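> Quick one, what's the 3D model for this:
(one chain, ligands or ions: 1)
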Amino acid sequence: MTRADAIDRAHQHLHSGEFLAELDRRVGYQTESQNPDRRGALRAYLEEELQPAFSQLDFATRLVESPTGKGPYLVAEYRENSSAPTVLMYGHGDVVDGMTGEWRDNLDPWRTTTVGNRVYGRGTADNKGQHSINLSALRAVREARGGRLGFNAKFIIETGEEIGSPDLRQVCEQLRDELKADLFVGSDGPRLSADRPTIFLGCRGGIRIHLDVNLRDGSHHSGNWGGVLANPATILASAIAALVDSKGRLLLDALKPPRISNQIRAALADVKIEPMSDEPALSENWGEEGLSAAEQRHPGTGASRSAAPFCRRHQG
Ligand SMILES: [Zn+2]
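Numbers count the residues shown, from 1 in each chain. Below is the predicted model of the structure:
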């Protein structure tokens, strides 16, 4: 009944091939949330794949319909002891467009293919891989503890993350009491490097700003109107240049968080951002001065927002 025992069981689950067989089955569901023809696959993924997996771990599950008619949600709960802490976990069953026929070496997006120590297939890295790992981890802990988890656990799995989680907020507000927990674990989003696990202890939000400069109807030739009609492109460029300079440095103090504390700086000292060979090299002279790459990416650092106004998730 030790931590080592649980880790050992997790290793066994992976090395026996059992985990990959499970993941392969899950990747087989063509759960593209952008594709209206896949509504059935989204529901089937929750009903046929995840509900039985949660039941095996003694979770009670139910589907919650989307209030705006999009893909359903799965809510799962395992209550062991009312005085034990409760963890809430998040995942999503939908994936982006499979792009069949466009993968390198004509890999099939709807099954897993292992090449070396990498596993390819749509959803392996976002997010079927992650929530499958979390389920396996729960199982390993349970087995190591003789059928008990030692804590209470809840899950919410959505099927609309790749279309911007259109009603996740509404559903969470609606289920406020049901989702109450002491700890939230969201296994989704980027890693800093492929060969070292990443745990983010915070997450900055994103605000989408849509700037329009609409001065007049139609287009007006610069030969006739240049110099006497205000140019919307110039106004737009100046608006952006007022917020961030050409080196990615924020110009407005109001956009910057407080200085990084020494404690956070010490924690980040050993964190390296190392792009893989197929990823872009980090830009020199970009972003806030005097910060390491890890400090730039730190959730409390405004500089990272200028370097990456939104974070495009890496899709598997
Ligand atoms: Zn994701």
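> helix, strand or coil for the closest residue to the ion within the stretch 151-300 of the chain?
Relative to the ion, the nearest point of the stretch 151-300 of the chain is residue 188 (4.1 Å; CB to the ion). (Each C-beta comes from the backbone N, C-alpha and C, glycine too.) Look at residue 188: counting by DSSP: H, G, I helix; E, B strand; the rest coil, its state is coil.
> Can you report how many residues neighbour it?
Neighbour count for residue 188, taken as other CB atoms under 10 Å: 14.
> Residue 246 belongs to a helix?
No: counting by three-state DSSP, residue 246 is not part of a helix but coil.
> How about the contacts made by the residue of the stretch 151-300 of the chain closest to the ion?
90, 91, 92, 126, 127, 130, 161, 313 (CB atoms under 8 Å, 6 or more residues apart in numbering).
> Let me know the average pLDDT across whatever helix or strand residue 77 lives in.
In this assignment (DSSP states H and E), residue 77 forms part of strand 73-78. Mean pLDDT, strand 73-78: 98.
> how big is the angle separating the helix or strand following it from strand 73-78?
The element immediately downstream of strand 73-78 (helix or strand, assigned by DSSP H and E) is strand 86-92. Angle of strand 86-92 versus strand 73-78, following axes from the mean of the first three to the mean of the last three CA atoms, to 10 degrees, is 150 degrees.
> circling back to that earlier point, output the contacts of residue 188 in JSON lines; the columns should cover pLDDT, distance to residue 145 and neighbour count.
Compiled in JSON lines, these are given as follows (pLDDT from 0 to 100; distance: CB to CB, whole Å; neighbours: other CB atoms under 10 Å):
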{"residue": "90", "pLDDT": "97", "distance to residue 145": "24", "neighbour count": "22"}
{"residue": "91", "pLDDT": "97", "distance to residue 145": "23", "neighbour count": "24"}
{"residue": "92", "pLDDT": "98", "distance to residue 145": "28", "neighbour count": "26"}
{"residue": "126", "pLDDT": "95", "distance to residue 145": "30", "neighbour count": "21"}
{"residue": "127", "pLDDT": "97", "distance to residue 145": "27", "neighbour count": "26"}
{"residue": "130", "pLDDT": "96", "distance to residue 145": "23", "neighbour count": "21"}
{"residue": "161", "pLDDT": "97", "distance to residue 145": "31", "neighbour count": "23"}
{"residue": "313", "pLDDT": "34", "distance to residue 145": "34", "neighbour count": "15"}
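> Go back to these and keep what's next to the ion.
Among the contacts of residue 188, the ones lying close to the ion by the criterion of CB under 5 Å from the ion are 126, 127.
> Looking at the contacts of residue 188, which one is closest to residue 197?
The nearest member of the contacts of residue 188 to residue 197, counting by CB to CB, is residue 130 at 11.6 Å.
> Would you verify that that closest one is located in a helix?
Yes: judged by three-state DSSP, residue 130 forms part of a helix.
> mind starting the numbering at 58 from now?
OK, 58 is where the count begins now, so the last one is residue 187.
> isn't it right up against residue 244?
Yes: here residue 187 reaches residue 244: they are 4.0 Å apart, a contact under CB atoms under 8 Å.
> Name the residues contacting each of these two.
Contacts common to residue 187 and residue 244, judged by CB under 8 Å, 6+ apart, are residue 148.
> returning to that earlier point: ok now the strand holding residue 134, how far from the chain's centre?
How far strand 130-135 lies from its chain's middle: 19 Å, per CA atoms, centre = their mean, to the nearest Å.
> That one - contacts with which helices or strands?
helix 108-113, strand 117-121, strand 209-215 (3 or more CB pairs under 8 Å, 6 or more residues apart in numbering; DSSP states H and E).
> Name the surrounding residues that touch the next helix or strand along the chain from the last one.
Next in sequence after strand 209-215, counting helices and strands by DSSP H and E, comes helix 225-231. Helix 225-231 is contacted from outside by 121, 123, 124, 125, 130, 213, 215, 217, 218, 236, using CB under 8 Å, 6+ apart.
> Buried residues in helix 225-231, which are they?
Residues 225, 228, 229 are the ones in helix 225-231 that count as buried (16 or more other CB atoms under 10 Å).
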